[in-house]
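Chemist: how would this look folded up:
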Amino acid sequence: MVKKLFAELFGTFWLVFGGCGSAIFASQIAPASSGQVGILLVGVALAFGLTVLTMAYAVGHISGGHFNSAVSVGMWVGGRFPAKDVIPYILAQCAGAVLAASALAFINGGVGDGSPGSFASNFYEAPVYFDKSYSMAQAFLAEFILTGFFVLVIMGTTDKLANSKFAGIAIGLCLTLIHLICIPITNTSVNPARSFSQAIFVGGTALSQLWLFWVAPILGASAGALIYKYLLQKSENE
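Modeler: Modelled structure (predicted):
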C-alpha cells in the first residue's frame, strides 16, 4: 500500500508540476492580451495529457494510475477500486499536488496577483482568456460532463476485455481533449487535487470557488462510472 500511495503522490506531483507549470510559464511568454492565447491553450492541453500518459506507463502498474481524486471515487463507484483505499489515495494525491504547487511557487517567485486564473487556478464567472465568461451553472455542467466522460474512457480502456496496452495513450489524449474544451470555461479542473493545490496558494476567489471543483468532478466521475458499469460493460459471456 505504501508503494501505491507514493506512486499516486509522484504521479499527481508530475501532473500539477507539468500541467499547471506549463500554464504558469507559458502565460508569461504568450499572455492573453498578446493574441497568441490559442497557441497557449493548445500547449497547456498537451502538457496535461502528456503528464498523465507518461505517468500511466511509469507507475500505473503500481497504483492503477489515478492521479485524480475524482477518478479514485469514480473507480470505487464503478466497482474497480476498494472503498478502504479511497481516502488514502485522495490524501496522497493532494499531498503530491501541494508539493508540486510549492515547487512551482518557488521557481516562479510567487503565485501572481490572485486574479482569476492566476497560478493556473480554476475559476468561473471570469473572462480570463476571451471576452466571454461562464456562469457557475455552466462551469458546473462542463466539469460534470467532462469528468464523466474521462472516467468512462478510463474504465473502458482498462476493461479486462479491452486492449489495455494502449490505455495510457487513450487516457492521455482524452485529458488533452478535455483541456482543449474546458480551459476557456474554468481553466479545466476535472481533478479536485489539482484544483486544491492551486487554490490554497492563490486564496481569495480561487479558494471560495474551490467547492465546485470538488463537487462537480466527483459527481461527474460517479455518473460516468455508473453509466459504464450498467449500460456499457460487457461480461465475458456476451
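
Chemist: which parts of this structure are helices?
Modeler: For the chain, the helices defined by DSSP state H cover 2-15, 21-29, 37-63, 69-77, 86-108, 136-157, 167-186, 192-202, 204-208, 212-227.

Chemist: including mean neighbour count, distance to Tyr129 and mean pLDDT, could those helices go into TSV?
Modeler: The way it works is simple: take the backbone N, C-alpha and C, and place the C-beta from them, glycine included. Conversion of the helices of the chain to TSV gives the following (neighbours: other C-beta atoms under 10 Å; distance: least, C-beta to C-beta, whole Å; pLDDT from 0 to 100):
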stretch	mean neighbour count	distance to Tyr129	mean pLDDT
helix 2-15	21	21	97
helix 21-29	18	10	84
helix 37-63	20	5	91
helix 69-77	27	24	98
helix 86-108	20	19	98
helix 136-157	22	14	97
helix 167-186	21	5	96
helix 192-202	27	16	98
helix 204-208	17	16	96
helix 212-227	23	17	98
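
Chemist: for those, give me TSV that also has distance to Asn122.
Modeler: Formatted as TSV, those follow (distance: least, C-beta to C-beta, whole Å):
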stretch	distance to Asn122
helix 2-15	14
helix 21-29	11
helix 37-63	13
helix 69-77	13
helix 86-108	13
helix 136-157	8
helix 167-186	5
helix 192-202	5
helix 204-208	7
helix 212-227	5
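
Chemist: return the distance of the residue nearest to Ala95 when sequence neighbours are not counted relative to Asp113.
Modeler: In space, and not counting its chain neighbours, Ala95 is closest to Leu9: 5.6 Å by C-beta to C-beta, 6 or more residues apart in numbering. Distance, Leu9 to Asp113, by C-beta to C-beta, to the nearest Å: 30 Å.

Chemist: who's in contact with the residue nearest the centre of the chain?
Modeler: Geometric centre of the chain, nearest residue: Asn191, 3.5 Å, by C-alpha atoms, centre = their mean. Asn191 makes contact with Leu15, Phe67, Asn68, Ser69, Ala70, Val71, Pro217, according to C-beta atoms under 8 Å, 6 or more residues apart in numbering.
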